[in-house]
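**Q** Predicted model follows, preceded by the sequence.
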Amino acid sequence: MERTSILSWILLLCIPMAPVYSQYYSKTEPCVPKEKKVTNLHFFFHGTIGGKNSTAVTVARAIITSNDNSSPAPSNSIVVDNAPLTIGPESTSEIIGNAQGLEVFADRDKTTLVLYLDFGFTKGDLNGSSISVFSRNPVTEKERELAVVGGRGKFRMAKGFALLKTRSLDNITLIVEYNVTVIHYKVDI
């Protein structure tokens, strides 16, 4: 016991005397503001719930909220989404990317969800770029607004908002029109 105590004291006294030869940070340089750019995007989200070509799958559901398991997304469930983004509202429109993320159905009285989606673009000038949305989404309202909280590629350090309008909704398919305003730094990629 005494030997351990002496060793502890020796280590404790030697640590402050040991020189530090490395740094955990790099040289700090002044921030040079880059040019900001505003980009307006317009596209359509095509979701399919159930069926063999489903774009949304329930991965967790609270068993105490309802005995009705026939609903594809009851209250207190988590859904993983991977849906195409198109130029027009028709299902045959050109696909320009996809939306991947999570939807947490969190409201008991009306269908409101907390939404995290990454909109990845695969065509044209935005190929390889994406925007991230993280916001409350009251899906029963015909028009709503979501927050753009980030991005990558040409949308590095993005912020902004998305105005959503439900164009079509039935038991299986959902088509939502997105008008997105993205404020980001001008990046040459």
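**A** On my side now, so go ahead.

**Q** Tell me how far the closest residue to Gly51 other than its chain neighbours lies from Phe43.
**A** Distances taken as CB to CB, 6 or more residues apart in numbering place Ile172 nearest to Gly51, at 5.9 Å, with adjacent residues excluded. Quick note: C-beta positions are derived from backbone N, CA and C, even for glycine. Look at Ile172 and Phe43: by CB to CB, to the nearest Å, they are 21 Å apart.

**Q** circling back: residues contacting the residue nearest to Gly51?
**A** Shown in contact with Ile172 (CB atoms under 8 Å, 6 or more residues apart in numbering): Thr48, Ile49, Gly50, Gly51.

**Q** Which one of the residues you listed sits in the busiest neighbourhood?
**A** Ile49 (19 neighbours; other CB atoms under 10 Å).

**Q** measure that residue to Leu117 for me?
**A** To Leu117, Ile49 is 15 Å away according to CB to CB.

**Q** before we move on, what about Ile172?
**A** Distance of Ile172 to Leu117, given as CB to CB: 20 Å.

**Q** Next, count neighbours for the closest residue to Gly124 other than its chain neighbours.
**A** Nearest residue to Gly124, sequence neighbours excluded (CB to CB, 6+ apart): Ile96, at 7.1 Å. Residues contacting Ile96 under the criterion other CB under 10 Å number 20.

**Q** per-residue confidence at Ile96?
**A** Here, the pLDDT recorded for Ile96 equals 97.

**Q** Quick check: the gap between it and Phe119.
**A** Counting by CB to CB, the separation of Ile96 from Phe119 is 10 Å.

**Q** what residues do these two have in common as contacts?
**A** Joint contacts of Ile96 and Phe119 (CB under 8 Å, 6+ apart) are Phe43, Leu85.

**Q** list the contacts for the closest residue to Pro138 other than its chain neighbours?
**A** Nearest non-adjacent residue to Pro138, counting by CB to CB, 6+ apart: Thr112, 4.7 Å away. Residues near Thr112 by CB under 8 Å, 6+ apart: Phe105, Ala106, Arg136, Asn137, Pro138, Val139, Thr140.

**Q** Could I get those in a markdown table, plus columns for secondary structure, pLDDT and neighbour count?
**A** As requested, the contacts of Thr112 are exported to a markdown table (DSSP: H, G, I helix; E, B strand; the rest coil; pLDDT from 0 to 100; neighbours: other CB atoms under 10 Å):
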| residue | secondary structure | pLDDT | neighbour count |
| --- | --- | --- | --- |
| Phe105 | strand | 85 | 22 |
| Ala106 | coil | 79 | 14 |
| Arg136 | strand | 91 | 14 |
| Asn137 | strand | 90 | 21 |
| Pro138 | strand | 88 | 13 |
| Val139 | coil | 82 | 20 |
| Thr140 | coil | 83 | 12 |
